[in-house]
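*Asks:* sequence and predicted model, in that order:
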There are 2 protein chains.
Amino acid sequence: METISTNRSFSGTQGVYKHASSATGTEMTFSVFVPDHAPGAKLPVLWYLSGLTCTHANVTEKGEFRAACTDAGIIFVAPDTSPRGEGVPDDPEGAYDFGLGAGFYVNATQAPFSTHYHMRDYIETELPALIAAQFPADMDRQGITGHSMGGHGALTISLRNPGRFRSTSAFAPIVSPLNCPWGHKALGGYLGEDRAAWTDYDACALIDGGARLPDLLVDQGEADSFLAEQLKTHLLREACDRAGQRATIRMQPGYDHSYYFISTFMAEHVRWHAGRLKG
Amino acid sequence: METISTNRSFSGTQGVYKHASSATGTEMTFSVFVPDHAPGAKLPVLWYLSGLTCTHANVTEKGEFRAACTDAGIIFVAPDTSPRGEGVPDDPEGAYDFGLGAGFYVNATQAPFSTHYHMRDYIETELPALIAAQFPADMDRQGITGHSMGGHGALTISLRNPGRFRSTSAFAPIVSPLNCPWGHKALGGYLGEDRAAWTDYDACALIDGGARLPDLLVDQGEADSFLAEQLKTHLLREACDRAGQRATIRMQPGYDHSYYFISTFMAEHVRWHAGRLKG
């Protein structure tokens, strides 16, 4: 692991790091915020998975998470959203919703994406091991959140790994890739047209299939231009209702899909996680 | 005035606007955050002047001011740092510290800059009139702050306009352009080599000349790479001590010149202004 930069911020250290990933076969960049803490202390970890087009940098610069993480004594980890670099294939037309910046947190099985697009393994296995080895992280106290495609990632990773995350939340998540154009394009492209292979990557299908979380917090802007066609929050609400899954799903009047929305509710999410990551 | 964008954020409206400026003879862009408020209510205004290379966007995206402004019921205005557009001359070598993004809040007298570089008139006269006309702003309750070159702007504008600002603060300000390379280059280029013309644009010289503020808050990172050569905070401390100028000048260990520093202390500055802008 190589340090790209560190900056003191909110009585802690905001770092950006890179490492050679065996999961993706590329160099991967990520950011970690570590609040000041007693020597030898281990802090709980909150994962934040970003949305389409983003790198680690968007939430690191605009997410407004550091004050709340310092108050709560929580490490905040922000990975990239896809492999990048020479030899990594992109959307054939360079679209924003597939390929670079759009890994969808899957292990791709379709050529040419199956060589590098292993974001599921990267986020579920490789990066947690690196975080545990390199940072003062208590891996028995992890929470996970994310935005849009990253909300999809947070929900599906948590649902597929019961017991790993004490707390799960999301900002404007894609709740059902099986039922929206972004999902059809991404899962079709990475996994092929057999939709049975997609259900592992669909929060609603996972809940319908019996997966459960201790609790769930979702905030969704009502003025989000992607709500009706892509995000379809009501499908998650219906799946939770059918399953008896405990969930707080809040529609926020006037808010859109941007970091102006995310940052507004970030501190509240961090505190919500903190309450579940204590001791 | 034309609206470029509005986003709901922290129970308020973050807007970006542009207008044809008569002061600069160009189109100028700025951002305004207005917290929700009672119909007809007028809110105090906090001006934030940005540093070298910045536009309105840097603080708008990374400044973390909205939560505190909403709590305090304060409007936050972030102007651009220079005229821009066709026909606006830049540094002959395209350097970052003169010309575009580096207006230094002066009225230039030297060709070719004297045609458009009238940032003093723009910030002191034209933009306040526009803000008063277009936003629910109580112009009897104004505060001003800024970062680096914008800290220089905040200090000098406030010192030259006694009584206009109830509160003045700065993040890592250039405290004495007469005594640093950035200042020599900018004031020499905009005002010519007669240093007598520079003293209007030097906070320490203005204080030495008798200008006073009710109070002053400055935060400066000790790990700021520009501290020793350009910012020279000690000169401001010495000028305040000589003059009996009330001031709280805080050196912050470990912090640098970036928005990771600014955002850390932003809420505290907003609250400091709010305490002086009440009722």
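*Replies:* That came through fine. Given the structure is predicted, the values throughout are model-derived calculations rather than measurements. Residues are numbered from 1 along each chain as shown, chains lettered A, B, ... in the order given.

*Asks:* where do the helices sit along the stretch 1-150 of chain A?
*Replies:* Here the stretch 1-150 of chain A has its helices, by DSSP state H, counting those that start in this stretch, at A:56-62, A:66-72, A:119-121, A:127-134, A:149-160.

*Asks:* what's the longest helix in chain A?
*Replies:* In chain A, taking DSSP state H as the definition, the longest helix is helix A:259-276.

*Asks:* state the mean pLDDT of it.
*Replies:* Averaging pLDDT along helix A:259-276 yields 98.

*Asks:* tell me how far that helix is from the chain's mean position?
*Replies:* Its chain's C-alpha centre and that of helix A:259-276 lie 14 Å apart, by C-alpha atoms, centre = their mean, to the nearest Å.

*Asks:* now swap in stretch A:168-181 and tell me
*Replies:* Relative to the centre of its chain, stretch A:168-181 is centred 11 Å away, using C-alpha atoms, centre = their mean.

*Asks:* buried stuff in that stretch?
*Replies:* Residues A:T168, A:S169, A:A170, A:F171, A:A172, A:P173, A:I174, A:V175, A:S176, A:P177, A:L178, A:C180 are the ones in stretch A:168-181 that count as buried (16 or more other C-beta atoms under 10 Å in any protein chain shown). All C-beta atoms are positioned from the backbone trio N, CA, C, and that covers glycine.

*Asks:* before we move on, which element is the second one in?
*Replies:* Meaning A:S169. strand A:165-171 (DSSP states H and E).

*Asks:* quick check: angle from the longest helix of chain A to strand A:165-171?
*Replies:* 160 degrees (axes from the mean of the first three to the mean of the last three C-alpha atoms, to 10 degrees).

*Asks:* tell me, how many residues neighbour the nearest residue to A:P89 once chain neighbours are set aside?
*Replies:* Excluding its sequence neighbours, the residue lying closest to A:P89 (C-beta to C-beta, 6 or more residues apart in numbering or on different chains) is A:P112, at 4.5 Å. Per other C-beta atoms under 10 Å in any protein chain shown, the neighbour tally for A:P112 reads 11.

*Asks:* residues of chain A that sit close to chain B?
*Replies:* Counting by C-beta under 8 Å from any C-beta of the partner chain, the positions of chain A adjacent to chain B are A:7-11, A:14, A:61-62, A:64, A:66-67, A:221, A:223, A:254-256, A:258-261, A:263-264, A:267.

*Asks:* any of those residues buried? List them.
*Replies:* A:7-10, A:14, A:61-62, A:64, A:66-67, A:221, A:255-256, A:258-261, A:263-264, A:267.

*Asks:* backbone phi and psi for A:D256, please?
*Replies:* phi -100, psi -150 (degrees, to the nearest 10).

*Asks:* isn't it right next to A:E222, touching?
*Replies:* No: in this structure, A:D256 is not within contact of A:E222 by C-beta atoms under 8 Å, at 9.1 Å.

*Asks:* still on that earlier bit, residues contacting the next helix or strand after the strand holding A:S169, please?
*Replies:* Later in the chain than strand A:165-171, the nearest helix or strand by DSSP H and E is helix A:181-191. Applying C-beta atoms under 8 Å, 6 or more residues apart in numbering or on different chains, the external contacts of helix A:181-191 come out as A:52, A:97-98, A:102, A:104, A:106, A:108-110, A:113, A:117, A:149, A:174, A:176-178, A:195, A:197-198, A:201-202, A:229-230.

*Asks:* do that again at 7 Å, thanks
*Replies:* A:97-98, A:102, A:104, A:106, A:108-110, A:113, A:117, A:174, A:176-177, A:197-198, A:201, A:229-230 (C-beta atoms under 7 Å, 6 or more residues apart in numbering or on different chains).

*Asks:* also stretch A:141-148?
*Replies:* Counting by C-beta under 7 Å, 6+ apart, A:44-52, A:153-154, A:157-158, A:164-174, A:257, A:262, A:269, A:273, A:276-277 sit against stretch A:141-148.

*Asks:* just the buried subset of those, please.
*Replies:* Among the contacts of stretch A:141-148, those classed as buried by 16+ other C-beta under 10 Å are A:44-52, A:153-154, A:157-158, A:165-174, A:257, A:262, A:269, A:273, A:276-277.

*Asks:* right, and A:L49 touches A:L155 too?
*Replies:* No: taking contacts as C-beta atoms under 7 Å, A:L49 lies outside contact range of A:L155: 9.6 Å.

*Asks:* which residue does the stretch 101-250 of chain A have closest to chain B?
*Replies:* Distance from chain B to each residue of the stretch 101-250 of chain A (C-beta to the nearest C-beta) is smallest for A:A223, at 6.8 Å.

*Asks:* quick one, what contacts that residue?
*Replies:* A:A223 neighbours (C-beta under 7 Å, 6+ apart): A:G254, A:Y255, A:D256, B:R8.

*Asks:* as JSON lines, those with pLDDT would be great.
*Replies:* What follows is the contacts of A:A223, written out as JSON lines (pLDDT from 0 to 100):
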{"residue": "A:G254", "pLDDT": "98"}
{"residue": "A:Y255", "pLDDT": "98"}
{"residue": "A:D256", "pLDDT": "98"}
{"residue": "B:R8", "pLDDT": "98"}
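
*Asks:* for A:D140, state which of the residues you listed is nearest.
*Replies:* Using C-beta to C-beta, A:Y255 is the member of the contacts of A:A223 that lies nearest A:D140, at 34.0 Å.

*Asks:* for A:A211, report the pLDDT, please.
*Replies:* On the pLDDT scale, A:A211 gets 98.

*Asks:* and for the one 3 residues further on?
*Replies:* Looking at A:P214, its pLDDT reads 96.

*Asks:* now it: closest residue in space, sequence neighbours ignored.
*Replies:* That would be A:R166: by C-beta to C-beta, 6+ apart, it lies 6.9 Å from A:P214.

*Asks:* in contact with that neighbour, which residues?
*Replies:* Shown in contact with A:R166 (C-beta under 7 Å, 6+ apart): A:R141, A:Q142, A:G143, A:P214, A:R276, A:L277.

*Asks:* look up how far A:E124 lies from the second one.
*Replies:* Yep, that's A:Q142 we're talking about. Per C-beta to C-beta, to the nearest Å, A:Q142 is found 12 Å from A:E124.

*Asks:* more neighbours: the two, which one.
*Replies:* Shown here are A:Q142 and A:E124; by other C-beta under 10 Å, A:Q142 has more neighbours (24 against 18).

*Asks:* who is that one paired with across the strands?
*Replies:* A:V45, A:F165 (DSSP bridges).

*Asks:* and it, how far from A:R276?
*Replies:* Taken as C-beta to C-beta, the span from A:Q142 to A:R276 is 10 Å.

*Asks:* try A:G192
*Replies:* Distance, A:G192 to A:R276, by C-beta to C-beta: 37 Å.

*Asks:* dump the helices of the stretch 1-150 of chain A to JSON lines, plus distance to A:K18 and mean pLDDT.
*Replies:* Formatted as JSON lines, the helices of the stretch 1-150 of chain A follow (distance: least, C-beta to C-beta, whole Å; pLDDT from 0 to 100):
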{"stretch": "helix A:56-62", "distance to A:K18": "10", "mean pLDDT": "98"}
{"stretch": "helix A:66-72", "distance to A:K18": "21", "mean pLDDT": "98"}
{"stretch": "helix A:119-121", "distance to A:K18": "16", "mean pLDDT": "98"}
{"stretch": "helix A:127-134", "distance to A:K18": "11", "mean pLDDT": "98"}
{"stretch": "helix A:149-160", "distance to A:K18": "19", "mean pLDDT": "98"}
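
*Asks:* give me whichever of the ones you listed is most buried.
*Replies:* Of all the helices of the stretch 1-150 of chain A, helix A:149-160 carries the top mean neighbour count, a mean of 28, counting by mean count of other C-beta atoms under 10 Å in any protein chain shown.

*Asks:* can you list the neighbours in contact with stretch A:157-164?
*Replies:* By C-beta under 7 Å, 6+ apart, stretch A:157-164 touches A:105, A:123-124, A:142, A:144, A:165, A:168, A:200, A:203, A:206-207, A:211, A:213.
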